[in-house]
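Peer 1: Prediction below, plus the sequence it came from.
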Amino acid sequence: MKNKNVWSIKLSTASLVLIPAAVGVNYIGKLFAQVLKLPLWLDSIGTVLASMLAGPIIGALAGLINNIIYGFMDPVSFVYGITGVAIGVAAGLMARLGFLKSWGKATVMAFTVVVTATVVSTPINIIFWEGQTGNVWGDVLYAAVLNATKTVWLASFLDELIVDLPDKILTVLISYAIYRGLPKNLLQLYFTGSEIEELK
């Protein structure tokens, strides 16, 4: 993008409305995963999409508010508000740095989000859940690695990574597909015409 300030924020009505919309999309993704009993969360699609459209600050707010709202139903979500913020910031910075120009670059963004979420969530898992994620596939790996290495940090990191890898890659690519399908008149609420052409 031509906007050199990747942290810039446009507090327009469109940007502010984007936050509750992102929370709603996150809920739909999470519900979809739960109904189909997928070994995924899919609860950050709205956060990532908001980050793509309005940048890292709006994305971070969407991620934080999302977890605060979830927290009233499931208190566990409160502590992962930090992860929601980190995902929003990482996706928003990558978007501002030009990683919305192609599927290849969006995939690089996806792996960046994976690493970010894993690094931020691992110490939270260790502090609150003895290093486990609560995901059956990840926790099986956790037990195997812990038994073999006696290293909680490595076991916890790999537990989180094996879940975040498919979850966050799918999350970012779904968000990017939605982004590419948005009409230009909607994108103009967030970008100038020249920026839209550059991004698309």
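Peer 2: Right, received. Where do you want to start? This one's a predicted model, so the numbers in the text were calculated from it and none came from an experiment. Numbers count the residues shown, from 1 in each chain.
Peer 1: Give me the below-cutoff pLDDT ranges for the chain.
Peer 2: Scanning the chain for pLDDT under 70 picks out 1-4, 192-200.
Peer 1: where along the protein do the strands fall?
Peer 2: Counting by DSSP state E, the chain yields no residue ranges for strands.
Peer 1: can you map out the helices along it?
Peer 2: Taking DSSP state H, the helices of the chain run over residues 13-35, 45-54, 56-73, 76-79, 81-96, 103-129, 136-149, 152-181, 184-187, 193-199.
Peer 1: Go through the third one and flag the buried ones.
Peer 2: Counting neighbours by 16 or more other CB atoms under 10 Å, one finds that the buried residues in helix 56-73 are 56-67, 70. Just so you know, the C-beta spots here come from the backbone N, C-alpha and C atoms, and that holds for glycine as well.
Peer 1: now the angle from that helix to helix 13-35?
Peer 2: An angle of 50 degrees separates the directions of helix 56-73 and helix 13-35 when computed by axes from the mean of the first three to the mean of the last three CA atoms, to 10 degrees.
Peer 1: Show residues contacting helix 56-73.
Peer 2: Outside of helix 56-73, the residues that reach it under the criterion CB atoms under 8 Å, 6 or more residues apart in numbering are 6-7, 9, 15, 18-20, 22-23, 26, 43-44, 46-48, 50-52, 77-78, 80-81, 83-93, 96.
Peer 1: V136 - how many residues pack around it?
Peer 2: Using other CB atoms under 10 Å, V136 has 9 other residues around it.
Peer 1: separation between the closest residue to it other than its chain neighbours and T133?
Peer 2: Ranked by CB to CB, 6 or more residues apart in numbering and with sequence neighbours excluded, the top spatial neighbour of V136 is P39, at 6.7 Å. In this structure, P39 and T133 are 10 Å apart, going by CB to CB, to the nearest Å.
Peer 1: CA-only coordinates of stretch 28-44, as CSV, when you get a sec.
Peer 2: Once non-C-alpha atoms are left out, stretch 28-44 reads as follows in CSV (Å, rounded to 0.1, in the frame of the first residue of the first chain):
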residue,chain,number,x,y,z
ILE,A,28,-20.3,-18.1,13.1
GLY,A,29,-16.9,-19.6,12.4
LYS,A,30,-16.7,-21.0,15.9
LEU,A,31,-20.2,-22.4,15.8
PHE,A,32,-19.5,-24.0,12.4
ALA,A,33,-16.5,-25.8,13.8
GLN,A,34,-18.4,-26.9,16.9
VAL,A,35,-21.4,-28.2,15.0
LEU,A,36,-19.2,-30.2,12.7
LYS,A,37,-16.9,-31.3,15.6
LEU,A,38,-13.9,-30.1,13.7
PRO,A,39,-10.5,-30.3,15.5
LEU,A,40,-10.2,-26.5,14.8
TRP,A,41,-11.5,-23.3,16.3
LEU,A,42,-12.2,-21.1,13.3
ASP,A,43,-13.0,-18.2,15.7
SER,A,44,-10.7,-15.5,14.2
